[in-house]
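Asker: Next one to model:
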Amino acid sequence: MNILLITSSYPPEIRSSSHLMQEMAESLRDRGHGVFVVTSYPHHNLADGHNNRRFNIITDENGIQVLRIKTIPAHMVSYFIRGFSQSILPYIFFHKIKKLIKEKIDVVIVYSPPLPLAVAGRKVKELNGAKYILNVQDLFPQNAIDLGILKNKFLIDFFERIEAKAYASADQIVVHSENNRVFLNAKKEVPYEKINVIHNWIALAPYKNAQKTGRFRKAYGLENKFIFLFAGVLGPSQGLELIIEAANRLKKNTAICFLLVGDGTEKIRLVQMAEDYGLDNIHFRPFVSKEEYPELVKNADVGLVCLSSKNKTPVVPGKILGYMAASIPVLAFLNQESDGHKIIQDAQCGFSSVSGDPITASEIILKIYQDKGQINNYGKNGFKYVSKNFDKEICIDKIEVLIGK
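Answerer: The predicted structure follows:
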């Protein structure tokens, strides 16, 4: 089959979505499918050394045809510009698809967010008679409403109409946890049998092969520190001010440090908070490449996950799986509704708590630091659980079954 993947992010951009889509593309290629990817031209969330890299509009990347299309920026801009950019994105994508992809597409898979990309999926379906699968990660616009980003009633109605049409036009919908399925069925009246739970996956081999070299500890000047690592996008959904507040409460414990690796709209504010508190136990560093990431994680003692308590949907942060694959404990501060709590509890790979309370957060951080004897056990439990439930090939098997339904 010829399969088209539509996503706003793809490597070298560093996001969990870009890595998931690349791994899906590579696995489907290895299974004998013709694979095409349509994505935005990379400008943001890049590792050092990639900022000046140039791409052709079409490149053959190990047997995968990748179209990178220049669009209006949607990162590090105002919410108005982001909304406008994402609203016209599907039409730009579809125009280029019609112009540049001559093969008949049998299946189109759209990764959301951004939700408006569902429009491109529907149009490809109509043009080719293709099967259309919508992979829903964040429940937009509900998550933006919960975070207070989207308040205008006209815009809420506009995006809810797009959402309803997206769910109606898709042949099958994929969500990454059972409670996301329940939410779509109960709140959005999507037929239960149309919604498929396929967990986000992790490619285990890079983590098995990565060594705990200490290279990043040395480069960052943290050789003798107990490192709590957060690696990813520093945005409003994460609520990372909780970590700054907890770090302030723990600043007298000079062995503990917090390493935040990444970038995003909240970075400037978070850096300013740390400076205002006079903290030297918070360290900000830029993104590292996908290839270096497993080694970075293995340099840490504990993997941090954070979601704002303002979130009201059952989202599971993908970085949980990376920490488990690297055999380090997971410490998660999540909104009450997140299915991440259950995963961590079932795996016995660390601790989770409802986010929002710096006192509770600092107490749990101190507890896992003082309980060093259990760290290896948490790491082993996590690796065992992720190998059994979230291995890439297990999850892609389910997607291929869905494609052939």
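Asker: the helices in the stretch 301-405 of the chain, which residues?
Answerer: Under the criterion DSSP state H, counting those that start in this stretch, helices of the stretch 301-405 of the chain are mapped to 319-325, 340-347, 358-370, 375-389, 392-404.
Asker: possible to save the ones you listed as TSV with mean pLDDT and distance to residue 10?
Answerer: Where C-beta positions appear, they are placed from N, C-alpha and C, glycine not excepted. As requested, the helices of the stretch 301-405 of the chain are arranged in TSV below (pLDDT from 0 to 100; distance: least, CB to CB, whole Å):
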stretch	mean pLDDT	distance to residue 10
helix 319-325	95	18
helix 340-347	96	25
helix 358-370	95	34
helix 375-389	95	24
helix 392-404	92	17
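Asker: wait, which of those helices is closest to residue 201?
Answerer: Evaluated over the helices of the stretch 301-405 of the chain, closeness to residue 201 peaks at helix 392-404, with 3.8 Å, by CB to CB.
Asker: Domain-wise, how is the chain divided?
Answerer: In terms of domains, the chain is parsed into 2-201+390-404, 205-389 (source: automatic domain parsing).
Asker: Lowest mean pLDDT across the ones you listed, which one is that?
Answerer: Per-stretch mean pLDDT for the domains of the chain is lowest at domain 2-201+390-404 (a mean of 89).
Asker: Between the two ends of that domain, how far is it?
Answerer: This stretch, domain 2-201+390-404, spans 12 Å end to end (CA to CA, to the nearest Å).
Asker: what about the strands in the chain?
Answerer: Here the chain has its strands, by DSSP state E, at 2-6, 34-40, 58-61, 64-69, 107-112, 131-136, 172-175, 195-197, 226-233, 256-263, 282-285, 302-306, 330-334, 350-354.
Asker: which one of the ones you listed lies closest to residue 165?
Answerer: Using CB to CB, these put strand 131-136 closest to residue 165, at 11.0 Å.
Asker: Pairing partners for that closest one, with directions?
Answerer: With DSSP bridges as the test, strand 131-136 is paired with strand 107-112 (parallel), strand 172-175 (parallel).
Asker: about what we covered before: so which of the helices of the stretch 301-405 of the chain is the most surrounded?
Answerer: Most buried of the helices of the stretch 301-405 of the chain, by mean neighbour count (mean count of other CB atoms under 10 Å): helix 319-325, with a mean of 27.
Asker: Tell me which of the helices of the stretch 301-405 of the chain sits nearest to residue 179.
Answerer: Residue 179 lies closest, by CB to CB, to one member of these: helix 340-347, at 8.7 Å.
Asker: Counting neighbours, what do you get for residue 186?
Answerer: Residue 186 sits with 11 neighbouring residues when counted by other CB atoms under 10 Å.
Asker: how close does it get to residue 338?
Answerer: Residue 186 is 17 Å from residue 338, where distance means CB to CB, to the nearest Å.
Asker: Pull the contacting residues for the spatially closest residue to residue 115 that is not a sequence neighbour.
Answerer: Distances taken as CB to CB, 6 or more residues apart in numbering put residue 140 closest to residue 115, at 4.6 Å, once the chain neighbours are dropped. Taking CB atoms under 8 Å, 6 or more residues apart in numbering, we find residue 140 in contact with 112-115, 159, 163.
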